[in-house]
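Chemist: test case, fold it:
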Amino acid sequence: MKNSGVFAISRDLFDHSFFEDEPYSERLAWVWLIGAAVWRSQKVRVAGHVIQLGRGELAFSERFLAQQFGWSKSRVHRFIARLEREGMISKCSKSGPAANRKPDHTPTHLRICNYNRYAFDGERQRTTDEPQPEPAADQQRTKEEERKEDNRKEGATGISKQAFEVSDAFLAAINADREAPEWQGVPYRADMWLREGWTEPIIISAAKKVMAGRSKPPHIKYFEKAIATEFANQNAPVPKAEPGARRETVRGNAGANQGWQASRDDFREAHAELKRKVAEQREREGGGPGGEVIRLVTSAGRG
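Modeler: Model prediction:
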């Protein structure tokens, strides 16, 4: 039985911590290309060159795709050529400075054919190819306005307004272009971070620590690891002293004080006894303090 219809896949699937880093299959590489295509017209900077992309288009160098897929550059080149022969993608013409760059660094400007079959805006679940009635002009304008508003609230995308705000603050903290394809999935990640209990101050603090000494933001995984560490540090339980520990310390100090007091009293008693013996000896013998006193002190010390 042939399955039909489409379903949404979050872009963070490719960086999910559950899955190990391993080379992509051709099917997964095709899904990644669809996910990397922009859903609306915008400008992006690739390999130092600004490229105007239309809906369903993407631009990356073959070197970058090879690193992303875990492939060799020659395999990426063959894969793109096969997709083009099958009518799944088409190459946009090269022009401007990018046309004179080295092949490894030249952005490959691609267009996903029949992009609307794979991607949809979430306004409705498209499971059939049946034509839908066109709304009136004023109704269409209203729907467009509502959709834009919902994209900043809990609506078609399923992303909360707070997640969009955290995403904007995060991208500003790392000085990243929110229109660049590699950062377009940040709102989805921000929504996931908030569900994990990671607050905006923790996220921004960790992002700034990662960016310390860097001019270019690293892969999103580095930020997520830093955010998780920051969250763990700020929520670590404060060690509590055992209730009996203080009492034992106080008791021990008291015992030491008592022992010191007892030693001082013993010394006083011994000294008084020595003085008494010396006085008695002098009275009996009428002698001076000389050697006889020394003998008595020695005797008293032994006693």
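
Chemist: now do the contacts for the nearest residue to residue 222 once chain neighbours are set aside.
Modeler: Counting by CB to CB, 6 or more residues apart in numbering, residue 222 lies nearest to residue 210, which is 5.7 Å off, once chain neighbours are set aside. For the C-beta atoms, the positions are set from N, CA and C on the backbone; glycine is no exception. By CB atoms under 8 Å, 6 or more residues apart in numbering, the contact list for residue 210 reads 174, 217, 218, 222, 223, 226.

Chemist: how close does residue 210 sit to residue 267?
Modeler: 66 Å (CB to CB, to the nearest Å).

Chemist: if we can go back for a sec, pLDDT at the residue nearest to residue 222, what is it?
Modeler: Note on residue 210: pLDDT of 93.

Chemist: for it, helix, strand, or coil?
Modeler: Counting by DSSP: H, G, I helix; E, B strand; the rest coil, the backbone at residue 210 sits in helix.

Chemist: next: residue 24.
Modeler: Residue 24 - assigned by three-state DSSP - is coil.

Chemist: got the contact list for it?
Modeler: 32, 68, 69, 70, 71.

Chemist: need phi/psi at it.
Modeler: Phi and psi for residue 24, reported as degrees, to the nearest 10, are phi -70, psi 150.

Chemist: could you do residue 9 as well?
Modeler: Main-chain torsions, residue 9, degrees, to the nearest 10: phi -130, psi 130.

Chemist: sorry, back to before: could you check how far the residue nearest to residue 222 is from residue 265?
Modeler: The gap separating residue 210 from residue 265 is 66 Å, by CB to CB.

Chemist: now swap in residue 206 and tell me
Modeler: Residue 206 is 63 Å from residue 265, by CB to CB.

Chemist: show me what counts as buried in stretch 159-178.
Modeler: 159, 160, 163, 164, 166, 167, 170, 171, 173, 174, 176 (16 or more other CB atoms under 10 Å).

Chemist: same check on stretch 72-80?
Modeler: Across stretch 72-80, burial judged by 16+ other CB under 10 Å covers 75, 76, 77, 79, 80.

Chemist: now do stretch 78-96
Modeler: By neighbour count on 16+ other CB under 10 Å, the buried set for stretch 78-96 is 79, 80, 83, 88, 89, 92.

Chemist: from these, which shows the smallest pLDDT?
Modeler: residue 92 (83).

Chemist: and it, what is it in contact with?
Modeler: 57, 109, 110, 111.

Chemist: again, but for residue 234
Modeler: Going by CB under 8 Å, 6+ apart, residue 234 touches residue 202.

Chemist: in terms of packing, which of residue 206 and residue 265 has more residues around it?
Modeler: Each of residue 206 and residue 265 has its neighbours counted (other CB atoms under 10 Å); residue 206 has more, 25 against 10.

Chemist: pretty sure the more buried one contacts residue 232?
Modeler: No. Contact status for residue 206 versus residue 232: not in contact, 10.8 Å apart, counting by CB atoms under 8 Å.

Chemist: ok so residue 216 is a helix residue?
Modeler: No. Counting by three-state DSSP, residue 216 falls outside a helix, being coil.
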